[in-house]
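Q: Dropping the sequence and predicted coords here.
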Amino acid sequence: MSFVELLSRLGGMGRFQVTYVAALAVPLLMLASHNLLQNFTAGIPEHHCRPRPVANATAADVPLVVSIPWDSHRRPQSCRRYVEPQWHLLDTNGSANGTATEAATEPCHDGWMYLDGIFTDTIVTEWDLVCDSKKMRQVAQSIYMAGILLGSSLFGILSDNPPGALPGADPADPGALPPQALRALVRREPPLPGGAVAALVRTPGMRTVSCGVSFVWFSTSFAYYGLAMDLQGFGFNVYLSQLVFGAVDIPAKLLSVLVISCLGRRLAQGGSLALAGLCILANIFVPSGGG
């Protein structure tokens, strides 16, 4: 008797199974939201150094161009400022006139000023995670992902040791299996050394499957999270980008079920990975910048 036939004899998808799957789906939805939360809680607004104080003048009285060098896009640089105000950059009418390329600059010793935009209050603005401290933003995401790795490993092992229970058969159902038949089908084998983790590499066949599945999961996750966790790098509105990611994911899941049913798991998995790889390689030839 196959596993599918056994499930069918036991009653198939009952109220318990539906409740179990629904209860499991709720934390999974929350987990997906938390995985991508840093796109918004750690968004980087446009910023520049806080200008050096000028004697007998307020910050509003000093044009930004005399305190902050501009980049090639005619925007204030994010991580440098002039050591001394460059008043000669102003024309006689007070308008900006270029950038002092030879003037001495220094890091932002007095902090940064963040411009109003999509992001106004994030962990970046709260702790100044920009310029030399920008890597701490990635550290925060890495700590979160390390927690997921630890939790998955720990609770994965715990989930392999649930309390056993045999369901009772319905006497009114002539097709139901009696408890004695269930006990004969479900035989408890003595635990092997190393537990469930060691079972993944115990035999050559299991080692091949485990290595293959791990490689596929790593490749898929590396490509997906590399894109999904850096929506700001696309240069578009992050909220719209996130909406597109979510909207595409739903029909993709449904289409994958259809493709696997028609072509088989191996061909569907290999084809999707090859297509994703070709898209990533083709992105090398797409010019960056707006013009």
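A: Thanks, I have it.

Q: Point out where the stretch 151-291 of the chain drops to low pLDDT.
A: The stretch 151-291 of the chain contains residues with pLDDT under 70 at 160-192, 194-196, 288-291.

Q: if we go to 50?
A: The model of the stretch 151-291 of the chain has pLDDT under 50 over residues 164, 166-171, 290-291.

Q: for it, what spans make up the helices?
A: 179-185, 195-199, 204-228, 238-263, 265-282 (DSSP state H, counting those that start in this stretch).

Q: which stretch among these comes nearest residue 27?
A: helix 238-263 (17.8 Å; Cβ to Cβ). C-beta here means a position set from N, CA and C on the backbone, and glycine is covered the same way.

Q: For that closest one, name the packing helices and strands.
A: helix 38-41, helix 265-282 (3 or more Cβ pairs under 8 Å, 6 or more residues apart in numbering; DSSP states H and E).

Q: Can I get the first one as CSV, trimmed to CA atoms?
A: Included here for helix 38-41 are C-alpha records, laid out as CSV according to Å, rounded to 0.1, in the frame of the first residue of the first chain:
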residue,chain,number,x,y,z
GLN,A,38,14.8,46.1,6.3
ASN,A,39,14.0,47.5,2.8
PHE,A,40,11.9,50.0,4.7
THR,A,41,13.3,50.1,8.2
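
Q: List the buried residues in it.
A: Buried residues in helix 38-41, counting neighbours by 16 or more other Cβ atoms under 10 Å, are found at 38-39.

Q: What lies in contact with it?
A: With Cβ atoms under 8 Å, 6 or more residues apart in numbering as the test, helix 38-41 has contacts from 119, 122-123, 137, 140-141, 144, 228-232, 238, 242.

Q: same thing but 6 Å
A: Residues from elsewhere that reach helix 38-41, judged by Cβ atoms under 6 Å, 6 or more residues apart in numbering: 122-123, 141, 231, 238.

Q: Just name the closest of those residues to residue 29, please.
A: residue 231 (19.0 Å).

Q: how near is that closest one to residue 42?
A: 11 Å (Cβ to Cβ, to the nearest Å).

Q: cool, residue 5 as well?
A: 51 Å.

Q: Comparing those two, which residue is more hemmed in?
A: Counted by other Cβ atoms under 10 Å, residue 5 and residue 42 do not tie: residue 42 has more neighbours, with 20 against 9.

Q: Surely the more buried one and residue 137 touch.
A: Yes: because the distance of 5.3 Å satisfies Cβ atoms under 6 Å, residue 42 is recorded as touching residue 137.

Q: ok so, going back, so of the helices and strands packed on helix 238-263, which one's packed in deepest?
A: Compared across the helices and strands packed on helix 238-263, helix 38-41 shows the largest average neighbour count, a mean of 16 (mean count of other Cβ atoms under 10 Å).

Q: could you give the mean pLDDT of that helix?
A: Averaging pLDDT along helix 38-41 yields 88.

Q: Contacts for the next helix or strand after that helix next, please.
A: Of the helices and strands lying after helix 38-41 in sequence (DSSP states H and E), the nearest is strand 47-49. Residues from elsewhere that reach strand 47-49 (Cβ under 6 Å, 6+ apart): 68, 76, 78, 81, 108, 112-114, 130.

Q: quick one: which of the residues you listed is most hemmed in?
A: Those, ranked by neighbours (other Cβ under 10 Å): first place residue 68, 25 neighbours.

Q: Regarding stretch 125-135, how distant is the last residue from the first?
A: One end of stretch 125-135 sits 14 Å from the other (Cα to Cα, to the nearest Å).

Q: Could you give me the buried positions within that stretch?
A: The neighbour-count check on stretch 125-135 (16+ other Cβ under 10 Å) flags 125, 128-130 as buried.
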